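1. Return a 3D structure for these sequence lines:
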Amino acid sequence: MNHDEPDYKRIFLAIFLAATVLIFWQVKIEWPRRQALAHLNAAVTQQHNEEAAKHVESIPARETEAEENPSLSREQRLAGSPRIAIDSDKLRGSIALKGARFDDLTLARYHVTLDKDSPEVTLFSPNGDDQAWFTQIGWLASGKTNVPDQNTLWQADKKTLLPGQTVNLKWNNGEGVAFMLAVSLDENYMFSIAQRVENHSGHTIAVLPYAYINRAYDIPKQAAFLHEGPLGVMDGALNESTYKELRDKGNMTYDTSSGWFGITDKYWLAALIPSGNHEKITFSHYSKGKTDRYQVDYLGDALSVADGASADDNVRLFAGAKELKLLDHYASGTIDHQPPIPLFDRALDFGWFYFLAKPMCMVVNFLYTTTGNFGVALLLFIILVKLFMYPLANKSFKSMAQMRELQPEMVKIRERYADDQIAMHKAMRELYKREKVNPAAGCLPVLIQILVFLALFRGLNVTIEMRHAPFFGWIKDLSAPDPSNLFTAFGLVPWNTPHWLHLGLLPMLYCITMVIQTSQQPTPPDPVQAKMMKWMPYFFLFVFDNMASGFVLYWTWSNLLSIFQQRLITKRHGDKTEQKKMVAGHES
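-> Here you go, the predicted structure:
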């Protein structure tokens with residue numbers, strides 16, 4: 001950075017950089033990086049595509065899935081099979097005995113709207129539904145052995161699956177081969193399924209374990225700041241594919257001996273965690289009628305089962321909310337002594353900011369647990385950030401106060417050497433040296449603050465803890481934009497304004513704090529720069545008006561603390577300057 005340039009220029013550039021990075025970073029850098037990675041994965045796996053296509057066709061639910069009557073309701077579809085009820089504090093629903101299919105799950109602690117009486121969030125729905133999303137686990141045969149499929153009716157030893165208990169399913173193929181599933185559920189969102197095949201057919205058979213997650217989904221408007229769609233960690237590497245990539249570029253297949261894979265939304269995840277044997281994992285797209293279907297599945301190596309012997313395979317199914325602390329516990333294997341799931345926290349798309357966003361979100365979540373209010377947790381977190389950065393910010397604000405005092409002399413130098421840039425820069429350097437001022441000192445704290453905000457912005461955008469979290473007063477949901485509106489006199493005028501005609505109170509408070517902050521900085525002598533600095537707060541007003549209230553609250557509170565700190569430092573600096581002048585006067 002050139003020390004000849006005045007401080008206000010750098011401050012202006014830093015603020016402009018904040019706006020640019022905040023709006024365009026993910027779109028211009030992170031998103032192209034993902035696309036390049038997807039191209040690389042596609043190139044690496046291209047040689048397997050033909051084999052992958054054959055493999056996917058052998059898994060049920062692709063070519064073998066029957067068309068469903070589109071006029072049936074979700075309840076009618078669920079009634080088409082006897083069921084095992086699922087009842088826990090976090091999950092409700094049922095498992096279809098027809099096909100042994102997980103196709104009915106709602107999240108008991110999460111509702112569609114802020115109203116606690118609104119429906120619970122639906123995760124899994126049966127085949128044929130507009131939002132069909134289901135999982136099936138079973139065996140394929142290498143040979144003529146009759147194996148269970150989506151039409152098989154299993155027998156169960158219980159009618160309800162409760163946390164900590166096991167429901168046993170059994171089906172005999174009539175040829176001396178019995179298939180069994182032992183399904184259990186922990187206190188959260190993890191199912192464990194132990195598969196067994198017992199052979200009493202009089203000859204050796206070969207079977208292959210499989211499991212899949214299938215989803216009917218119209219390609220949504222893709223969010224620029226997070227990944228939604230198939231993803232997985234195979235042999236320690238994170239692999240992601242968007243719905244559009246699968247539809248446009250074809251299937252993707254991976255050979256792996258460890259890891260997990262699934263389909264993710266912003267807040268919800270369905271993932272399969274195989275036992276760790278060699279598997280072939282495939283992400284695929286196909287069309288069924290007018291519906292786009294997406295499937296992630298695995299097919300294990302063939303197991304030879306001699307007469308009188310048995311074979312086993314185990315798989316876990318996570319179906320629930322992406323709660324950061326919970327994902328970490330599963331990743332480390334600290335829940336019910338379950339095996340660790342490598343990089344399971346990467347289901348949360350922290351992106352490039354992972355190293356900074358995750359620990360900050362963990363601190364905010366800890367403060368949330370302690371205070372019981374997510375907004376208060378954000379305010380406390382900003383105070384911690386300010387305390388951590390105090391020495392650096394103190395130096396920055398002191399430099400800004402000095403620059404403000406020097407501004408009349410700087411204006412005189414510019415006027416004196418208006419036609420001689422070299423002489424003007426030399427005079428400026430001498431002024432800075434004589435007054436011991438570093439005009440670049442104000443840049444670093446601003447840039448660090450921007451980095452912290454961007455990391456927190458990314459983290460809170462993907463973690464569920466801020467969803468439907470209230471603050472105080474009119475802020476009922478920190479994950480949504482401020483609902484108040486200047487154009488309805490903040491609710492006093494019953495007018496249903498257009499979406500674009502909206503200015504919330506919290507963004508307006510943010511704008512006011514930014515105006516005050518701008519007034520504390522040295523005024524640029526360049527009229528163009530002065531105008532841009534003057535209008536910058538109003539530009540951010542409209543940018544922040546559409547942001548989640550939590551982010552606007554964060555930045556408003558941060559501005560208020562900075563204003564207080566700046567005024568305190570300016571006052572102290574002014575007092576010291578007056579003392580120096582008095583001492584100099586007495587000496588003279």
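2. Before we move on, what's the pLDDT of the most centrally placed residue in the chain?
-> Among the residues of the chain, the one closest to the centroid is Val462, at 2.3 Å (Cα atoms, centre = their mean). Listed pLDDT for Val462 reads 88.
3. What of Arg567?
-> 82.
4. would it count as being in a strand?
-> No: assessed by DSSP: H, G, I helix; E, B strand; the rest coil, Arg567 does not belong to a strand; its assignment is helix.
5. List the residues that contact the nearest residue to it once chain neighbours are set aside.
-> Spatial nearest neighbour of Arg567, excluding adjacent residues (Cβ to Cβ, 6 or more residues apart in numbering): Gln520 at 7.4 Å. (C-beta placed from N, C-alpha, C; glycine too.) For Gln520, the contacting residues are 400, 404, 563, 566-567, 570, by Cβ atoms under 8 Å, 6 or more residues apart in numbering.
6. buried subset of these?
-> The neighbour-count criterion (16 or more other Cβ atoms under 10 Å) marks 400, 404, 563, 566, 570 among the contacts of Gln520 as buried.
7. ok, so of those, who is nearest Ala194?
-> Ranked by distance to Ala194 (Cβ to Cβ), the buried ones among the contacts of Gln520 are led by Ile563 at 61.0 Å.
8. Could you say which helix or strand holds the closest one?
-> Element membership for Ile563, per DSSP states H and E: helix 549-587.
9. Likewise for Asp297?
-> Per DSSP H and E: strand 291-300 holds Asp297.
10. after that strand, next one along is what?
-> Next element after strand 291-300 (DSSP H and E): strand 303-305.
11. Give me the angle between the first helix or strand past that next one going along the chain and strand 291-300.
-> Sequence order places strand 310-321 as the next helix or strand after strand 303-305, per DSSP H and E. Strand 310-321 runs at 140 degrees relative to strand 291-300, counting by axes from the mean of the first three to the mean of the last three Cα atoms, to 10 degrees.
12. List the buried residues of strand 310-321.
-> Going by neighbour count (16+ other Cβ under 10 Å), the buried part of strand 310-321 is 311, 313-321.
13. Next: stretch 228-235.
-> So stretch 228-235, judged by 16+ other Cβ under 10 Å, has buried residues 228-234.
14. shouldn't Pro209 be in contact with Ser142?
-> No: using Cβ atoms under 8 Å, Pro209 is not in contact with Ser142; the gap is 11.7 Å.
15. more crowded one of those two?
-> Comparing Pro209 with Ser142 by other Cβ atoms under 10 Å, the one with more neighbours is Pro209, at 25 against 12.
16. Next one: the more buried one from Leu454, what distance?
-> Between Pro209 and Leu454 the distance, using Cβ to Cβ, to the nearest Å, works out to 44 Å.
17. got it, and Lys476?
-> Distance, Lys476 to Leu454, using Cβ to Cβ: 26 Å.
18. Name the residue in those two with the higher neighbour count.
-> Taking neighbours as other Cβ under 10 Å, Lys476 and Leu454 compare with Leu454 leading, 19 against 14.
19. That one and Leu379: what is the separation?
-> From Leu454 to Leu379 the distance is 19 Å (Cβ to Cβ).
20. Where does pLDDT dip in the stretch 151-300 of the chain?
-> 219-225 (pLDDT under 70).
21. Could you do the stretch 401-550 of the chain as well?
-> 401, 439-445, 490-493, 499-500, 521-530.
22. would you list every one of the helices in it?
-> 421-435, 443-462, 505-520, 527-545, 549-587 (DSSP state H, counting those that start in this stretch).
23. winner for burial among those?
-> Highest mean neighbour count of the helices of the stretch 401-550 of the chain: helix 443-462, a mean of 20 (counted as mean count of other Cβ atoms under 10 Å).
24. Can you name every helix or strand that that one contacts?
-> helix 7-25, helix 354-371, helix 374-388, helix 390-416, helix 549-587 (3 or more Cβ pairs under 8 Å, 6 or more residues apart in numbering; DSSP states H and E).
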